[in-house]
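J.: any chance you can model this:
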Amino acid sequence: GSEAPADQTPEAQTRTFWAWDLSVMPPSEKQIEATSRLTSEHAYFYVENALWDAGDVTLEQLEALSQSLEKQTPKDSIEPSRGIIANNIEMFGPIPDMLDGDPRMYIFITNIEGFNGTQFDGFFRAMDQMKDSVSVKETGYHSNEIEMLFINGKIRPVSSIATTSVIAHEMLHLIEYGLDPAEGGWMSEALAEVAMTINGYYTDQNWVS
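T.: Residues are numbered from 1 along each chain as shown. Below you'll find the predicted structure:
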């Protein structure tokens, strides 16, 4: 059979995400156009179109990031021959699938604006695990109704050790919310730091100490 047109492949699907504008506090809300640039065993990698068009995120970087998430972690990890995702699932629990009936999570790479000189590496939003109508009523923000992580693709290459370790951290929040939505913030942050270190990333060592 003939190959599907480029815009029919998973790597060319465009969608609009709800996102926070963190340049103001409390955060306002905006919509961002993004396109799926890579699909791995456990994840869709969506990149904000403006970042992709500017060359801030490249396919080469996404492939290196995918390797870290799916295939290999540093030699000091609990299992270097596995990626971050498998190590996190083994240690903490499964990726939740609450709403969309799709086992893959979404990694949304976008330009997360800073606030008063503070930069944001990335975050997980519990509201994206809610129905949109519930989220709007309870939080005042729209839900994307998918399992997703927001990752900053502007401040450094997404394949860098720092950003890769941030994904290990934020993925813990996603897993944990699926198991215990009422977990205390201090415990959640402590476990997210554990997720970084068990995967062999020590970028937050000073903070942990």
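J.: quick check: phi and psi on residue 27?
T.: Backbone torsions of residue 27, given as degrees, to the nearest 10, read phi -60, psi 140.
J.: from what I can see it touches residue 20, true?
T.: Yes. Counting by C-beta atoms under 8 Å, residue 20 is a contact partner of residue 27 at 4.0 Å. Bear in mind the C-beta positions are built from the backbone N, C-alpha and C, glycine included.
J.: report the rounded mean pLDDT for the longest helix along the chain.
T.: Of all the segments assigned as helix in the chain under DSSP state H, the longest by residue count is helix 161-179. Regarding helix 161-179, the rounded mean pLDDT is 97.
J.: so after it, what's the next helix or strand?
T.: Once helix 161-179 ends, the next helix or strand along the chain (criterion: DSSP states H and E) is helix 185-198.
J.: which residues touch that next one?
T.: Residues outside helix 185-198 that contact it (C-beta atoms under 8 Å, 6 or more residues apart in numbering) are 77-78, 87-88, 91-92, 165, 168-173, 176, 202-204, 207-208.
J.: next, the buried residues of the longest strand seen in the chain.
T.: Counting by DSSP state E, the longest strand found in the chain is strand 28-39. Across strand 28-39, burial judged by 16 or more other C-beta atoms under 10 Å covers 32, 34-39.
J.: stretch 193-209 now?
T.: For stretch 193-209, by 16+ other C-beta under 10 Å, it's 193-201, 203-204.
J.: report the central residue of the chain.
T.: The geometric centre of the chain, computed from its C-alpha atoms, lies nearest to residue 149 (C-alpha atoms, centre = their mean), at 2.6 Å.
J.: follow-up on the earlier one: the longest strand of the chain pairs with which strands?
T.: strand 14-21 (antiparallel), strand 43-48 (antiparallel) (DSSP bridges).
J.: which residues does the residue lying closest to residue 154 once chain neighbours are set aside contact?
T.: Excluding the flanking residues, the one nearest residue 154 by C-beta to C-beta, 6 or more residues apart in numbering is residue 111, at 4.2 Å. Applying C-beta under 8 Å, 6+ apart to residue 111 gives the contacts 48, 50-51, 56, 152-154.
J.: do the same with residue 92
T.: 172, 175-176, 191, 195.
J.: please redo it, this time with the cut-off set to 7 Å
T.: Each residue near residue 92 by C-beta atoms under 7 Å, 6 or more residues apart in numbering is listed here: 172, 175, 195.
J.: how about residue 165?
T.: 196, 201, 203.
J.: got CSV for the residues you listed, with distance to residue 99 and pLDDT too?
T.: As requested, the contacts of residue 165 are exported to CSV (distance: C-beta to C-beta, whole Å; pLDDT from 0 to 100):
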residue, distance to residue 99, pLDDT
196, 27, 96
201, 30, 94
203, 31, 79
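J.: quick one: these as TSV, columns for distance to residue 134 too.
T.: Below are the contacts of residue 165 laid out as TSV (distance: C-beta to C-beta, whole Å):
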residue	distance to residue 134
196	31
201	34
203	35
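J.: ok, these vs residue 100, which is closest?
T.: Nearest to residue 100 among these: residue 196, at 26.9 Å, using C-beta to C-beta.
J.: cheers, nothing more for now.
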